[in-house]
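> dropping a prediction and its sequence here:
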Amino acid sequence: MSRYILGVESTAHTFSVSIVSSEGKILSNAKSVYKPPEGSGIHPFEASLSHLASAAPVLSEATGASGVGMRDISAVAYAKGPGLGPCLRVGAVVARTVASSLGVPLVPVNHAVGHIELGCMLTGVRDPVVLLVSGGHTMIIAYAGGRWRILGESLDLTLGQLLDQFGRHHGLASPCGRAIEEAAAGSSSYLRLPYSVKGNDVSFSGLLTASKKLLDAGKSFSDVSYSIQETAFAMVTEVTERALAFTGKREVIIVGGVAANRRLSRMMSTMSARHSARLAAAPLEYSGDCGAQIAWTGWLAYKSGVSVPVAESEVTQSWRLDSVDIAWRN
Amino acid sequence: MAPMLLYRGAEADILMGRWQGMRAIYKVRKPLAYRLPVLDDAIRRQRTLREAEMIRQAKQAGVPSPYIYDVDVPRSTLVMEYVEGERLKDEAASMGEDEARQVFREFGTDVARLHSAGIVHGDLTTANVVRRKGALVFIDFGLSFRTTRLEDQAVDLRLIKETLVGAHPAVSKLALEALLKGYSEVAGATRSRAVQRQLRGIERRGRYARVT
């Protein structure tokens, strides 16, 4: 018999509620995305106010669209972290309220694990090298010995931050990835930018500074967008390739908001083909932040016995991926 | 005899062939199709030249590394000595505790020798160290460069730590301790402490880091 899990995501821009069945069917995935004013980034407190205002309508939309009665929900999962404190707290309050009123277990989920597990479920990959690229993460990950292990990461900015801070310098509002991708498509003139790979890690801070300087010096947004994409994406593709060669795995998956970028997925697909590895990417709707990543991972955790009493449920802004025990993958 | 492909690495193909009658490794940095050619050419050329030079300097610092037979810049190819032995990556899991302690201590002393000579390896994973008749031989200096900055040396150690924790969780604690012990023996306690402090600083800069 099917079981149903309700998941709440609210780590950053997105407030989302989803209901997922134990067979991995996503029955609903309602969301509301906070949009900062032009030229600025996410303001945690403003975002949390936006989430508060969206909470009730998003929750009703998710339950209404799912066709599942509230009494059929077996557990409620919430994103415990990592993320922005004020935003996390809104999701946790909603999840605690629903769990207590239904009298069902509450399941804490790590947001990054959520991206990975949902991506794996939707694409059918089993044991991949993961490239997690978003505003909050830039990591190359693979499973070993009970945990998702970090094989490489950015030493400073995340890929999402690099693109957003560059876009904001041009006057755009976060998230800027889409606008940068469109601007880049109109150029094929590469301007030399610093390419910084250190072992399995990358560093984007020099690249950001140099790109801003090019804009200030009057280079076109289109040419600099093209050049920043070519440089930064080649860097993350190179370190993913290193992890793939090192681990000898046969599957690669891209997850996180920046997975939506077509140039990045083309580079990753060329690279994967060289190693006869299969490249998978979660469908666009589910590659960025969403309730389904929390609901699905919540189900995996719940069925392996993970839950937390409401009185002890907390959120944590810093909760590193490789500190989470993954009981369901052995 | 045409060189035979041994291993397709991330940035280069490793082939085995002969050079002047000797067994030799051909390290060929082939164009990477995902990277823009103008960027790719510059990176491959620069890494090939630098690798040959850094291997020479490593030997000068007393750290075993392959002999370079030929440097072919237009083809981004290095021809070098074939190092007989097993990669540390493949042996780490099957080592006994005492053996692991001894091997990783030696690893640490070699890394400290490089650092003291103003070299960082830049790619200190267990795949890039070969055990030959008891001694460790460092291969793949493709990301190596000259520096005496604390930060660069700490990044070097960070990659070993990342590799041990990420790929060899069973021996990581013991191996790290031994490695740092060996490192201190050559670099001196003061310098070693400073590098480790810097390493913790780097880890804190990482996202959601909880320093261990």
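Cool, the structure landed.
> from here on, just use CA atoms for contacts and neighbour counts.
Noted.
> strands along chain B, start to end?
Secondary structure of chain B (DSSP state E): strands at B:4-8, B:13-19, B:22-28, B:68-72, B:77-81, B:86-87, B:119-120, B:129-132, B:135-138, B:145-146.
> CSV for these, including distance to B:R105, mean pLDDT and mean neighbour count?
CSV is the format used below for those (distance: least, Cα to Cα, whole Å; pLDDT from 0 to 100; neighbours: other Cα atoms under 10 Å in any protein chain shown):
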stretch, distance to B:R105, mean pLDDT, mean neighbour count
strand B:4-8, 28, 87, 13
strand B:13-19, 28, 94, 19
strand B:22-28, 28, 95, 20
strand B:68-72, 27, 96, 16
strand B:77-81, 25, 96, 22
strand B:86-87, 16, 92, 17
strand B:119-120, 18, 96, 26
strand B:129-132, 13, 95, 19
strand B:135-138, 11, 95, 21
strand B:145-146, 23, 90, 17
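> right, and those - which one's nearest A:G146?
Minimum separation from A:G146 across the strands of chain B (Cα to Cα) falls at strand B:86-87, 24.6 Å.
> B:A187 touches B:A117, doesn't it?
No. B:A187 is beyond contact range of B:A117, at 10.3 Å (criterion: Cα atoms under 8 Å).
> neighbour count winner among these two?
Ranked by neighbour count (other Cα atoms under 10 Å in any protein chain shown), B:A187 and B:A117 place B:A187 first, with 20 against 17.
> residue contacts, the more buried one?
B:A112, B:R113, B:S116 (Cα atoms under 8 Å, 6 or more residues apart in numbering or on different chains).
> what about A:S304, how many residues close to it?
With other Cα under 10 Å as criterion, A:S304 counts 13.
> so it makes contact with A:A327?
Yes. Using Cα under 8 Å as the test, A:S304 is close enough to A:A327 to be in contact (6.2 Å).
> including distance to A:P108, could the strands of chain B go into JSON lines?
Below are the strands of chain B laid out as JSON lines (distance: least, Cα to Cα, whole Å):
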{"stretch": "strand B:4-8", "distance to A:P108": "41"}
{"stretch": "strand B:13-19", "distance to A:P108": "44"}
{"stretch": "strand B:22-28", "distance to A:P108": "48"}
{"stretch": "strand B:68-72", "distance to A:P108": "55"}
{"stretch": "strand B:77-81", "distance to A:P108": "51"}
{"stretch": "strand B:86-87", "distance to A:P108": "40"}
{"stretch": "strand B:119-120", "distance to A:P108": "42"}
{"stretch": "strand B:129-132", "distance to A:P108": "41"}
{"stretch": "strand B:135-138", "distance to A:P108": "44"}
{"stretch": "strand B:145-146", "distance to A:P108": "44"}
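> A:G218 is nearest to which of those?
The closest of the strands of chain B to A:G218 is strand B:145-146. By Cα to Cα, the value is 33.4 Å.
> circling back: turn the strands of chain B into TSV, including distance to chain A.
As requested, the strands of chain B are arranged in TSV below (distance: least, Cα to the nearest Cα, whole Å):
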stretch	distance to chain A
strand B:4-8	7
strand B:13-19	11
strand B:22-28	15
strand B:68-72	22
strand B:77-81	19
strand B:86-87	12
strand B:119-120	11
strand B:129-132	13
strand B:135-138	15
strand B:145-146	11
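> all helices for the chain, in order.
If you meant another chain, say so; for now it's chain A. Using DSSP state H, the helices found in chain A span residues A:44-66, A:85-102, A:111-123, A:159-169, A:177-185, A:205-216, A:221-247, A:262-274, A:284-287, A:291-303.
> my question was about chain B
Using DSSP H, the helices of chain B run over B:37-60, B:88-91, B:97-116, B:150-167, B:172-187, B:189-205.
> could you redo these as a markdown table and give each row mean pLDDT?
Formatted as a markdown table, these follow (pLDDT from 0 to 100):
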| stretch | mean pLDDT |
| --- | --- |
| helix B:37-60 | 94 |
| helix B:88-91 | 92 |
| helix B:97-116 | 96 |
| helix B:150-167 | 92 |
| helix B:172-187 | 96 |
| helix B:189-205 | 92 |
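> what's the most buried one of those helices?
Burial of the helices of chain B is given as mean neighbour count (mean count of other Cα atoms under 10 Å in any protein chain shown); helix B:150-167 ranks first at a mean of 22.
> kindly tell me how buried residue 94 is, as a neighbour count.
All of this refers to chain A. Neighbours of A:V94 using other Cα under 10 Å come to 18.
> oops, chain B please
Other residues near B:S94 number 10, with proximity taken as other Cα under 10 Å.
> up against chain A, what does chain B have?
Within chain B, the positions lying close to chain A (Cα under 8 Å from any Cα of the partner chain) are B:8-11, B:32-36, B:39, B:122-124, B:127, B:143, B:155-156, B:159, B:162-163, B:165-167, B:169, B:202, B:205-210.
> how near is the residue most central in space within chain A to A:E241?
In chain A, the centroid-proximal residue (Cα atoms, centre = their mean) is A:G256; its distance is 3.2 Å. Separation of A:G256 from A:E241 (Cα to Cα, to the nearest Å): 18 Å.
> relative to A:S16, which of the strands of chain B is closest?
Of all the strands of chain B, it is strand B:4-8 that lies closest to A:S16, at 42.7 Å by Cα to Cα.
> restricting to C-alpha, output the closest one in CSV.
Listed in CSV are the C-alpha atoms of strand B:4-8, where the atom choice follows Å, rounded to 0.1, in the frame of the first residue of the first chain:
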residue,chain,number,x,y,z
MET,B,4,49.5,1.4,-25.3
LEU,B,5,46.8,3.2,-23.3
LEU,B,6,47.1,2.4,-19.6
TYR,B,7,44.8,4.8,-18.0
ARG,B,8,42.6,7.6,-19.1
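> that strand pairs with which strands?
Using DSSP bridges, the strands paired with strand B:4-8 are strand B:13-19 (antiparallel).
> list the contacts for the residue nearest the centre of chain B?
Geometric centre of chain B, nearest residue: B:L124, 3.7 Å, by Cα atoms, centre = their mean. Applying Cα under 8 Å, 6+ apart, one finds that B:L124 lies in contact with A:G199, B:D156, B:L157, B:L159, B:I160.
> domain ranges for chain B?
What the record gives for chain B is the domain set B:4-81, B:86-205, from automatic domain parsing.
> mind putting those into a markdown table with distance to A:D322?
Formatted as a markdown table, the domains of chain B follow (distance: least, Cα to Cα, whole Å):
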| stretch | distance to A:D322 |
| --- | --- |
| domain B:4-81 | 24 |
| domain B:86-205 | 9 |
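> now B:A24: how far from B:L49?
As judged by Cα to Cα, B:A24 and B:L49 stand 18 Å apart.
> thinking B:G142 is in contact with B:T48, fair?
Yes. Contact status for B:G142 versus B:T48: in contact at 6.9 Å, counting by Cα under 8 Å.
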